[in-house]
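Asker: A structural model of the following input is requested.
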Amino acid sequence: MDIIGQETLERLSQIDAYGQWQYRAIRPFLGRRVMEIGSGIGNISAFLLAGRERVVLTDISNNYLSTLKQRFAAKSEVRIGAFDLDTGQPSYRDENINSIVCMNVLEHIQDDARALEYLKDTLVPGGRLALLVPAHPTLFGTLDEALGHFRRYSKQELSEKITAAGFTLEKIFFFNRAGIFGWWLNGRVLQKKILPFGQLGLFGKLVPVLEKLDPLFSFPFGLSLIAVARK
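Answerer: Reported below is the predicted structural model:
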């Protein structure tokens, strides 16, 4: 799973427009002291730096942490370190974090309810969590298995788990409606373990159009769910 996960991140890093789209979707909810959970190779991390006084980038993979240090260690506002959502350790409460970004991570954690509690404990009072997870349990297939996903989420399940952890849910919405078809084709029909280069390249070219069209439709589906919650 680690090899497939890293290869997937490398391929997605070539679609800069998609990372920007994801970041723009959560940017209005972020403060000036941000912690990113599961930063990987920094596909989203690079966008978090703009206008922030502190950015804490974390992961549990030593390989990813090394990559993050090579990319961002020279930035004085950046702190890079390990953080395990299975244990909530080590603590970063000394950083006075008012925003946590957790994108495509929670589905990798078996006890996701407890992980959400750890995230709440890390935030200062009034701080926000910006969360992106894969949507629709019926879409679960070989792509999810290869990436080490325990689940995909329904809107109801995610809402209930967020509020049970003690957050106030402020906003929840589907994201990337068009992407659902490619995931279904590759993960459920063709039973692939990694997204093909050619399809990703085409998707990357279409992202500017898809970003404009996505909010125009109210259909209750999408490749991902984005939730914003306040402590």
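Asker: all strands for this protein, in order.
Answerer: With DSSP state E, the ranges of strands along the chain come out as 33-37, 54-59, 78-82, 99-103, 128-134, 168-175, 224-230.
Asker: and those strands as CSV, adding distance to residue 187?
Answerer: The C-beta positions use only the backbone N, C-alpha and C, and glycine is treated the same way. Converted to CSV, the strands of the chain look like this (distance: least, Cβ to Cβ, whole Å):
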stretch, distance to residue 187
strand 33-37, 24
strand 54-59, 24
strand 78-82, 30
strand 99-103, 19
strand 128-134, 10
strand 168-175, 18
strand 224-230, 14
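Asker: Scan the chain for its longest helix.
Answerer: What stands out as the longest helix in the chain, according to DSSP state H, is helix 197-213.
Asker: which parts of it are buried?
Answerer: 200, 203, 204, 207, 210, 211 (16 or more other Cβ atoms under 10 Å).
Asker: Check those against residue 33 and report the nearest one.
Answerer: residue 211 (27.3 Å; Cβ to Cβ).
Asker: Who are the contact partners of the closest one?
Answerer: 17, 21, 24 (Cβ atoms under 8 Å, 6 or more residues apart in numbering).
Asker: Just give the nearest non-adjacent residue to the last one, would you?
Answerer: If you skip the residues right next to it in sequence, residue 24 has residue 211 as its closest partner in space, 7.7 Å away by Cβ to Cβ, 6 or more residues apart in numbering.
Asker: follow-up on the earlier one: are any of the contacts of residue 211 buried, and if so which?
Answerer: For the contacts of residue 211, buried by 16+ other Cβ under 10 Å: residue 21.
Asker: Pick out the lowest-pLDDT one from the contacts of residue 211.
Answerer: Looking at those, model confidence by pLDDT dips furthest at residue 17: 85.
Asker: Let me know the distance separating the residue nearest to it when sequence neighbours are not counted from residue 114.
Answerer: Nearest residue to residue 17, sequence neighbours excluded (Cβ to Cβ, 6+ apart): residue 207, at 4.1 Å. Using Cβ to Cβ, to the nearest Å, we find residue 207 at a distance of 35 Å from residue 114.
Asker: Assess the claim that residue 228 and residue 172 are in contact.
Answerer: Yes - between residue 228 and residue 172 there is a contact under Cβ atoms under 8 Å: 7.5 Å.
Asker: Of these two, which one has the most company?
Answerer: Taking other Cβ atoms under 10 Å, residue 228 and residue 172 do not tie; residue 228 has more neighbours (22 against 16).
Asker: Show the pLDDT at the closest residue to the more buried one other than its chain neighbours.
Answerer: Of all residues not flanking residue 228 in the chain, residue 171 sits nearest, at 4.3 Å (Cβ to Cβ, 6+ apart). Predicted confidence (pLDDT) at residue 171: the value is 97.
Asker: Same question for residue 36.
Answerer: 98.
Asker: Verify the stated contact: it with residue 55.
Answerer: Yes - the pair residue 36 / residue 55 is scored as a contact, 7.2 Å apart, by Cβ under 8 Å.
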